[in-house]
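Peer 1: Fold the following for me, if possible:
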Amino acid sequence: MTKFTQLMLGIAVIFYPLAVYFGIRYLSLSTLLVLLFGIAVLRLLLNIKAVKDNKAKDGGSTKMVTLALLIVTALSWLYENTLSLLWYPVLCNAILFSLFAYSLRQPQTMIERLARLREPQLSPAGVIYTRKVTQVWCVFFIVNGSVAAFTAIYGNMELWTLYNGLLSYLLMGLLFCGEWLLRHKLWKKDQNTEYGV
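Peer 2: Residues are numbered from 1 along each chain as shown. Just a heads-up that it's a prediction; the model follows:
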């Protein structure tokens, strides 16, 4: 498949909350579920191909998130309602938390692995810093997932869409930018130490 197709599938997954919100309002349940199922299957096939071609840097996490989409779609079809679809952001946060938390028990944390893509010879101070950043992201996924769960339980589509389709991404962006600023501030303090990604 073309890079354009891959990009469109990625965008479709990012804007999942908006797709669900408008899909519920303007499409039949079966049409919405077929579209979501199609996106999940295409993404899964692309991921499998990328892993086979050694082009995927982290095929496991993409596969797990895509399987989560297949699960909520299947449950919605089984129960003939859209409630299961609201739990997809919760599952995504749970998956990301599990991956980041698991990496804390490994020789290299998730953030350290990302950091070493740019700085293969990461200093001991950089290793400690990336471990702390991984811990911060774990806390973020717990909080973000909990709020996403609240919006799913509360059942207000406008609130669910607002948080999961906008506020959640803004908070993620703030954390990312805040970490970037802190890293560069620390790096300026000690020019001989590499702290991050």
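
Peer 1: Give me the phi and psi angles of the residue nearest the centre of the chain.
Peer 2: With distances taken as C-alpha atoms, centre = their mean, residue 92 lies nearest the centre of the chain, 5.8 Å away. Dihedral angles of residue 92 (phi, psi; degrees, to the nearest 10) stand at phi -60, psi -40.

Peer 1: Please report how far it lies from residue 43.
Peer 2: 13 Å (C-beta to C-beta, to the nearest Å). Backbone N, C-alpha and C define where each C-beta goes, glycine included.

Peer 1: Kindly report the same for residue 162.
Peer 2: From residue 162 over to residue 43 the distance is 25 Å, taken as C-beta to C-beta.

Peer 1: For this protein, give me the ranges with low pLDDT.
Peer 2: The model of the chain has pLDDT under 70 over residues 1-10, 12, 50-51, 53-60, 187-197.

Peer 1: cutoff 50 now
Peer 2: 1, 193-197 (pLDDT under 50).

Peer 1: Okay, and the residue lying closest to residue 175 once chain neighbours are set aside sits in which element?
Peer 2: Among residues not flanking residue 175 along the chain, residue 140 sits closest, at 5.8 Å (C-beta to C-beta, 6 or more residues apart in numbering). If you go by DSSP states H and E, residue 140 is part of helix 124-154.

Peer 1: can you give me the offset of that helix from its chain's centre?
Peer 2: Here helix 124-154 shows a centroid-to-chain-centroid distance of 11 Å under the convention C-alpha atoms, centre = their mean, to the nearest Å.

Peer 1: what does stretch 28-42 give?
Peer 2: Offset of stretch 28-42 from its chain centre (C-alpha atoms, centre = their mean): 20 Å.

Peer 1: go on, stretch 101-108?
Peer 2: 18 Å.

Peer 1: would you put the C-alpha positions of it in CSV?
Peer 2: Below are the C-alpha coordinates for stretch 101-108, written out as CSV (Å, rounded to 0.1, in the frame of the first residue of the first chain):
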residue,chain,number,x,y,z
ALA,A,101,5.8,0.0,33.0
TYR,A,102,7.2,-3.3,31.7
SER,A,103,10.2,-1.5,30.2
LEU,A,104,11.1,-0.2,33.7
ARG,A,105,12.0,-3.8,34.6
GLN,A,106,14.2,-4.2,31.6
PRO,A,107,17.8,-3.1,31.1
GLN,A,108,16.5,-0.3,28.8
